[in-house]
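Participant: based on what follows, work out the 3D shape:
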Amino acid sequence: MSNKYFVMSLFLLTSFSYASASSSPSESLDNHDTMVVTASRFEQPITAVLAPVSVLTRSDLEALQATSLLDAIKVLPGIEIGQSGGRGQSASIFLRGTESNHVLVLLDGVRLPRTMMGTVDFNMLPLNTVERIEVIRGAGSTVYGSDAIGGVINIITRNDVESKRFGLGVGSFGTGLANAGITTQLTESLSMQLQGGFESTSGYNIHPEYTLPESEYGFESKNAAVRFSFDPVENWNSNLIGRWYQNKIEYDDFGNKKNGWVESYSVGLDTAYRAGPWNSLARLEIGEQENYDYLDIEPRDEADLTSKIRQIYSSFTSRYQMQDDLALTLGLDLTLEKYLKGNFISARDIADNPRKNIGLFALTNWNLTQSVLLEASFRHDKNDQFGGNNTGLIALGWNITPEYRLFASYGSAFKAPTFDSLYGYGGNVNLKSEHSKNIEFGLEGSLFDAAWTINAYINEIDNLINYDYTLPLAVNIDKAQIKGIELSADFDISSLNNQITLDFRDPIDKTKNEQLARRAKQIFKWRTSIWIGDILLGTQYIYQSKRLDFSGGEMLGSYSVLDFTAQYDLTNQVTLSGKLANVLDEKYETAGGYPEAGRAFYLNLDFSY
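Facilitator: Numbering: from 1, shown residues only. Predicted structure coming up:
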């Protein structure tokens with residue numbers, strides 16, 4: 001029996017056992033107190049959001065024993081990962097079948113500087129600094145502007161109360177890590193948080209077709225952050241945050257071992273104030289990133305600099321509670337993106353450098369009745385390079401009963417041309433923005449103490465940018481259509497919590513009439529967890545059907561991967577945790593020619609005071 005059918009049979013058996021179990025209220029189903037900030041930029045109950053939302057809390061991240069950001073979010077609905085090998089290697093996130101650059105990644109509500117180059121380095125976001133991750137699926141451009149065609153991933157960093165923590169870890173492939181953090185109260189209204197971490201792995205042979213069998217491709221990461229929080233009065237809070245990351249990754253360039261070296265640093269200031277019906281938030285952040293690429297046998301020097309970029313981001317957002325059932329949110333964003341230097345693009349060729357984008361949006365939440373909620377939003381972006389873009393969204397939610405809610409939405413989104421597609425190899429300064437229209441229907445409720453959701457959507461994307469080898473230039477030539485149904489459920493069988501997700505989708509390249517590359521038509525995910533005394537045991541299972549490796553290429557085979565996790569509280573301050581990844585030692589690839597890691601183990605020892 002294949003791994004897939006073994007796990008499917010186990011799932012059906014579990015479901016049958018659940019149906020026969022006694023019906024007692026489940027605390028895991030009570031999500032009314034879960035608060036999110038990504039949907040409107042202000043904190044609101046997850047039940048007030050008329051879009052599919054997934055949240056990974058700090059407790060979830062610790063229970064998953066995730067080794068990276070990608071390892072954490074891969075368990076969430078709608079997400080697929082394509083990676084060229086193991087830890088630290090180049091990776092793409094596909095959300096609901098959209099392109100990897102159609103998901104907007106935020107860090108504490110601010111887009112990452114690397115976005116202007118068309119990619120995001122997910123390896124530079126260490127999990128030891130993360131408090132929670134919020135993922136909103138569907139069009140998000142009316143609140144955040146460019147890139148949010150498939151959705152938004154907001155990584156929210158830790159802001160602990162007064163505490164001290166320290167962690168050590170070891171694992172397969174020569175993995176070792178350490179991290180520490182301290183938060184202390186300097187005065188009655190001023191606190192300081194320091195945190196940092198280090199990770200190193202020797203890796204494995206990620207590209208065996210072109211390399212010697214004993215070849216290894218490692219990864220090394222360092223990070224540090226400081227935060228000052230100022231709370232002079234009850235309704236006023238300000239933060240000054242500095243962050244630094246440095247990564248070095250070894251990779252194969254068709255037989256040549258090369259190094260990618262990344263350093264990123266940023267300083268940000270935010271202040272929030274609440275007065276009566278007003279809730280306001282202002283942000284300012286400056287970030288820079290340097291990227292180097294060089295042969296492993298040579299030292300790194302200035303000639304190896306591929307790009308140095310700078311982003312200055314500022315915003316002001318205000319929410320006014322006009323009455324108990326009506327709220328209005330207004331926001332203004334200003335972003336300056338500058339390519340400073342590098343051999344990837346000549347800065348002299350860039351017409352608008354820095355490139356300025358001004359975005360203005362309005363959002364309203366209106367409870368038409370006690371059971372009907374209306375949400376409407378509109379945004380206008382004006383950019384030096386590609387002109388203006390208008391996006392809008394309207395959603396309606398109806399609480400049929402206290403246990404059931406139906407919602408429908410229509411939203412538009414866009415993706416602006418990035419510096420690499422405008423000025424890089426085959427760049428085209430006449431490129432236009434990519435546009436999408438997303439229609440969605442959702443039904444959620446509870447039955448036999450199981451919380452469940454069903455979402456159906458159609459996402460039409462036009463003006464997709466692709467490379468035309470006959471010109472050769474990047475051109476707006478492609479169209480795509482993605483139809484999908486998502487089914488999720490959260491239920492308990494006695495003390496065993498189960499979270500399952502089924503994704504059925506049809507991701508079609510309408511220009512070439514073929515399945516979109518590296519996006520599957522069927523995905524099944526199943527997470528379990530159970531406390532036995534002071535021990536938390538868990539499993540994570542993912543099945544993904546076959547998919548194209550690249551347009552016109554071969555199919556990547558389907559795969560099933562099962563992980564085991566365990567966490568033991570030795571004392572109130574000391575926790576021992578471990579993970580056995582890919583228990584069944586599945587041989588599979590998410591990028592053609594780059595095998596994923598086989599069976600591996602990881603152990604962590606964490607102290608908190």
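Participant: for Leu127, give its distance to Gln65.
Facilitator: 10 Å (C-beta to C-beta, to the nearest Å). Where you see a C-beta, it was placed from the backbone N, CA and C, and this is true even at glycine.
Participant: what about those two, which has more around it?
Facilitator: For Leu127 and Gln65, the more surrounded residue by other C-beta atoms under 10 Å is Gln65, and the numbers stand at 24 against 21.
Participant: so how far is Gly578 from that one?
Facilitator: For Gln65 relative to Gly578 (C-beta to C-beta), the value is 7 Å.
Participant: what's the overlap in contacts for these two?
Facilitator: 565, 567, 602, 604 (C-beta atoms under 8 Å, 6 or more residues apart in numbering).
Participant: now, the most widely separated pair of those residues?
Facilitator: Gln567 and Tyr602 (12.1 Å; C-beta to C-beta).
Participant: which residues do these two both contact?
Facilitator: Common neighbours of Gln567 and Tyr602 (C-beta under 8 Å, 6+ apart) are 65, 578.
Participant: sec struct for the residue sitting nearest the centre point of the chain, please.
Facilitator: With the centre of the chain defined as its mean C-alpha position, the nearest residue by C-alpha atoms, centre = their mean is Ile153, 3.9 Å away. Three-state call for Ile153 (DSSP: H, G, I helix; E, B strand; the rest coil): strand.
Participant: ok, it - contacts?
Facilitator: Ile153 neighbours (C-beta under 8 Å, 6+ apart): 73, 93, 95, 103-106, 133-135.
Participant: now rank those by neighbours and give me the top one.
Facilitator: Leu104 (28 neighbours).
Participant: show the model's pLDDT score for it.
Facilitator: The score at Leu104 is 94. That number is its pLDDT.
Participant: what kind of secondary structure is it in?
Facilitator: Following three-state DSSP, Leu104 is assigned to strand.
Participant: hang on, it packs against Val152?
Facilitator: Yes - judged on C-beta atoms under 8 Å, Leu104 makes contact with Val152 at a distance of 4.8 Å.
Participant: shared neighbours of these two, anything?
Facilitator: 140, 144.
Participant: how about the strands in the stretch 51-200 of the chain?
Facilitator: For the stretch 51-200 of the chain, the strands defined by DSSP state E, counting those that start in this stretch occupy 53-56, 79-83, 91-95, 103-107, 110-111, 130-137, 151-157, 163-171, 175-185, 190-204.
Participant: what stretches of the chain score poorly on pLDDT?
Facilitator: Where the chain drops to pLDDT under 70, the residues are 1-33.
Participant: helices of that one, start to end?
Facilitator: 3-20, 58-64, 69-73, 141-144, 419-423 (DSSP state H).
Participant: could I get the buried residue list for the third one?
Facilitator: Neighbour counts over helix 69-73 (16 or more other C-beta atoms under 10 Å) mark 69-73 as buried.
Participant: kindly report the same for the shortest one.
Facilitator: The neighbour-count check on helix 141-144 (16+ other C-beta under 10 Å) flags 141-144 as buried.
Participant: who's in contact with that helix?
Facilitator: Taking C-beta under 8 Å, 6+ apart as the rule, helix 141-144 contacts 39-41, 104, 106, 111, 147-149, 152, 331, 361, 363, 377-379, 389, 391-393, 411-414.
Participant: rerun at 6 Å
Facilitator: Residues outside helix 141-144 that contact it (C-beta atoms under 6 Å, 6 or more residues apart in numbering): 104, 148, 361, 377, 379, 391-393, 413-414.
Participant: which residues does Gly388 form a beta bridge with?
Facilitator: Note on Gly388: beta-bridge partners Lys382, judged by DSSP bridges.
Participant: what about it, neighbour count?
Facilitator: Gly388 has 10 neighbours, counted by other C-beta under 10 Å.
Participant: that one and Leu360: what is the separation?
Facilitator: Distance from Gly388 to Leu360, by C-beta to C-beta: 11 Å.
Participant: same deal with Val475?
Facilitator: 30 Å.
Participant: the more surrounded of the two?
Facilitator: Counted by other C-beta under 10 Å, Val475 and Leu360 do not tie: Val475 has more neighbours, with 20 against 13.
Participant: check contacts around that one.
Facilitator: Per C-beta under 6 Å, 6+ apart, neighbours of Val475: Asp468.
Participant: and it, how close does it get to Lys432?
Facilitator: The value you get for Val475 to Lys432, if C-beta to C-beta is used, is 10 Å.
Participant: ok, now Leu50?
Facilitator: With C-beta to C-beta as the criterion, Leu50 and Lys432 are 30 Å apart.
Participant: what about those two, which has more around it?
Facilitator: Between Leu50 and Lys432, Leu50 has the larger neighbour count (other C-beta under 10 Å), namely 23 against 17.
Participant: excluding covalently adjacent residues, which one is nearest to the more buried one?
Facilitator: The shortest distance from Leu50 to any non-neighbouring residue, by C-beta to C-beta, 6 or more residues apart in numbering, is to Ala395 (3.8 Å).
Participant: now do Pro52
Facilitator: Nearest non-adjacent residue to Pro52, counting by C-beta to C-beta, 6+ apart: Arg137, 4.4 Å away.
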